[in-house]
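Q: here is a sequence with its predicted model. Questions after.
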Amino acid sequence: MNQSVLINGVLIFDGINEKVIKGNVLVEEGRIQKISELPISAEGVTVIDGKGKFLMPGLIDAHWHSYMSCNTMMDLLTADDAYTQFKAGHEAGKTLLRGFTTIRDAGGPVFGLKRAIDEGILSGPRIYPSGSIISQTGGHGDFRAVYEEPRPFDCCGLTHTEEIGAAIIADGVDAVTVAARNNLRLGASQIKLMTGGGVASLYDRLEDTQYFEEEINAAVKAAEDVGTYVMVHVYVPRAISRAIHAGVKSIEHGHLIDEPTMALIAEKDVWLSMQPFTLEDNQYPTKEQQAKHEMVVHGTDSTYQLAKKYKVNLAWGTDLLFNPANTVNENKGIGKLQKWFSNFEILKMVTHDNAELLALSGSRNPYPGKLGVIEEGALADLILVEGNALENVTLLENPEKNILLIMKGGQIYKNTLLSSE
């Protein structure tokens, strides 16, 4: 049940404007009802003395893997499905306690997890699910062993990753159409395609272009027919350009982009969802994979510089994969952005801007209402920070210590401050 809460005496960053105000916020029925610099009178509410702390919208991770971040590759391929889902449920609670009230899931079997969170069975962030990653044969989402024959040669039967809803192999316009429509049938808020090579992939190179334009466009048309969009995993210019010409609205990664392709992103008003990867973020078991990771890392600076030059729609996410011990570092990616952006630009990106990207899901938006802002009528997803994050954004890197209050949809999930009725 949603609580009625009055948060008094806080420094309010609204997610949009650099200027903050000191005031009070009333939350009722899961939404922000009133914001005022003057005292707010309300009866029968829980009153929290904010003590001048920094109130801001809840954090949003625009490229999170709720299932794949907390399970290893071996878990994905061999472990009992119930075990891996229990791990995802446990991790969801920890994700929320890191201050992330919303995530866009970039592929994986999370429809059940989302429902359990929405129904209050588990605690966790709002989830914008993509469903099964859609990949071509030999693409970045092909997890099959080398001895498994690809369709249509074996005609029938699903792979393990398809059975659990992690990834689906779809070659040709008809197959991609069915895969996209099925994800939408199951509740996807957007569609995720692999249209370029990846670091952890077994069968491709980073510079590969994947899917024909007509195949990508089939997914785009299926998504557009129900009011939403397609996001694609891709790094290199040729593959990025092909995806944009096919109608894709969100480029995930793009770390090896060139200037003409960045100009195309700006011209077509496409989003670039980036991650400030460093060499320490991931370690891979083979020299080939590690070399690909280094290529991505070395392209990060140039990509951010070009994105700023062309003023593209820029989102932020983490894309932590197959390393359960690394999920605790989700917040670290925020501080890394200081190399390219001011603290204000960072805070706006991880709240308001990310929310604007998620809103592209249109009629498939699972959480109608404004996210990523503190304004009257917006959904009440709020965090209270010990210290001014506009002056020191790295405060968010230690959520256990520095995030004092976490609220999602008007419900309090963490509160280290005293409150009264």
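A: Looks like it came in fine.

Q: just the element for Arg205, please.
A: Under DSSP states H and E, no helix or strand contains Arg205.

Q: I'd say it and Val199 touch.
A: No: at 10.4 Å, Arg205 does not count as touching Val199 under the criterion of CB atoms under 8 Å. Using the backbone N, CA and C atoms, a C-beta is placed for each residue, glycine as well.

Q: need the overlap of contacts for the two.
A: Counting by CB atoms under 8 Å, 6 or more residues apart in numbering, the shared contacts of Arg205 and Val199 are Lys292.

Q: ok, these two, which is more surrounded?
A: It is Val199, of Arg205 and Val199, that has more neighbours when counted by other CB atoms under 10 Å, with 22 against 12.

Q: mind showing which ranges of the stretch 101-250 of the chain have poor pLDDT?
A: Along the stretch 101-250 of the chain, segments meeting pLDDT under 70 span 150-157.

Q: now the helices for it?
A: 111-118, 160-163, 173-186, 213-224, 237-245 (DSSP state H, counting those that start in this stretch).

Q: list the buried ones in the shortest one?
A: The one in question is helix 160-163. By neighbour count on 16 or more other CB atoms under 10 Å, the buried set for helix 160-163 is His160, Thr161, Glu162.

Q: stretch 400-407 too?
A: Here stretch 400-407 shows Asn402, Ile403, Leu404, Leu405, Ile406, Met407 as buried, counting by 16+ other CB under 10 Å.

Q: export the helices of the stretch 101-250 of the chain to a markdown table and tack on distance to Ala79?
A: Putting the helices of the stretch 101-250 of the chain into a markdown table (distance: least, CB to CB, whole Å) gives the following:
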| stretch | distance to Ala79 |
| --- | --- |
| helix 111-118 | 16 |
| helix 160-163 | 10 |
| helix 173-186 | 22 |
| helix 213-224 | 29 |
| helix 237-245 | 32 |
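
Q: of these, which is nearest Ser41?
A: Between Ser41 and the helices of the stretch 101-250 of the chain, the shortest separation by CB to CB is 32.9 Å, and it involves helix 111-118.

Q: alpha carbons only: can I get that closest one in PDB?
A: Extracted as PDB, the C-alpha positions of helix 111-118 are listed here (Å, rounded to 0.1, in the frame of the first residue of the first chain):
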ATOM      1  CA  PHE A 111       9.000 -11.100 -17.200                       C
ATOM      2  CA  GLY A 112       8.300 -13.100 -14.100                       C
ATOM      3  CA  LEU A 113      10.800 -11.000 -12.000                       C
ATOM      4  CA  LYS A 114       9.100  -7.800 -13.100                       C
ATOM      5  CA  ARG A 115       5.700  -9.200 -12.200                       C
ATOM      6  CA  ALA A 116       6.800 -10.300  -8.800                       C
ATOM      7  CA  ILE A 117       8.300  -6.800  -8.100                       C
ATOM      8  CA  ASP A 118       5.200  -5.000  -9.400                       C
END
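
Q: elements contacting it?
A: helix 81-97, strand 126-128 (3 or more CB pairs under 8 Å, 6 or more residues apart in numbering; DSSP states H and E).

Q: need the winner for burial among those.
A: strand 126-128 (a mean of 26; mean count of other CB atoms under 10 Å).

Q: quick one: low-confidence parts of the stretch 301-421 of the chain?
A: Scanning the stretch 301-421 of the chain for pLDDT under 70 picks out 418-421.

Q: what residues are up against the nearest residue to Lys87 once chain neighbours are set aside?
A: Leaving aside its chain neighbours, Lys87 sits nearest to Cys70 (5.0 Å; criterion: CB to CB, 6 or more residues apart in numbering). Residues counted as contacts of Cys70 (CB under 8 Å, 6+ apart) are Lys87, Ala88, His90, Glu91, Pro324, Thr327.

Q: dump these to CSV, plus distance to Gln289.
A: Output for the contacts of Cys70, formatted as CSV (distance: CB to CB, whole Å):
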residue, distance to Gln289
Lys87, 23
Ala88, 24
His90, 28
Glu91, 24
Pro324, 19
Thr327, 20
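
Q: before we move on, back to that, quick check, the residue nearest to Lys87 in a helix?
A: No: assessed with DSSP: H, G, I helix; E, B strand; the rest coil, Cys70 is coil; it does not lie in a helix.

Q: from Ile117, how far off is it?
A: According to CB to CB, to the nearest Å, Cys70 stands 15 Å off from Ile117.

Q: would you reformat the buried residues of stretch 400-407 as CSV and include distance to Ile12 and secondary structure?
A: Conversion of those to CSV gives the following (distance: CB to CB, whole Å; DSSP: H, G, I helix; E, B strand; the rest coil):
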residue, distance to Ile12, secondary structure
Asn402, 17, helix
Ile403, 16, strand
Leu404, 15, strand
Leu405, 13, strand
Ile406, 16, strand
Met407, 14, strand
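
Q: which one among these gets closest to Lys370?
A: Met407 (15.1 Å).

Q: run through the bridge partners of the closest one.
A: Beta-bridge pairing for Met407 (DSSP bridges): Leu382, Ile412.

Q: I figured Lys249 hits Gly362, correct?
A: No: Lys249 lies out of contact with Gly362 (CB under 8 Å); the separation is 10.6 Å.

Q: I'd assumed Ser250 was in contact with Ile265.
A: No: Ile265 lies out of contact with Ser250 (CB under 8 Å); the separation is 10.3 Å.

Q: contacting residues around the nearest residue to Glu207 once chain neighbours are set aside?
A: Nearest residue to Glu207, sequence neighbours excluded (CB to CB, 6+ apart): Val236, at 5.1 Å. Shown in contact with Val236 (CB under 8 Å, 6+ apart): Gly196, Gly197, Leu206, Glu207, Asp208, Thr209, Leu256, Ile257.

Q: again, but for Phe86
A: Contacts of Phe86 (CB under 8 Å, 6+ apart): none.
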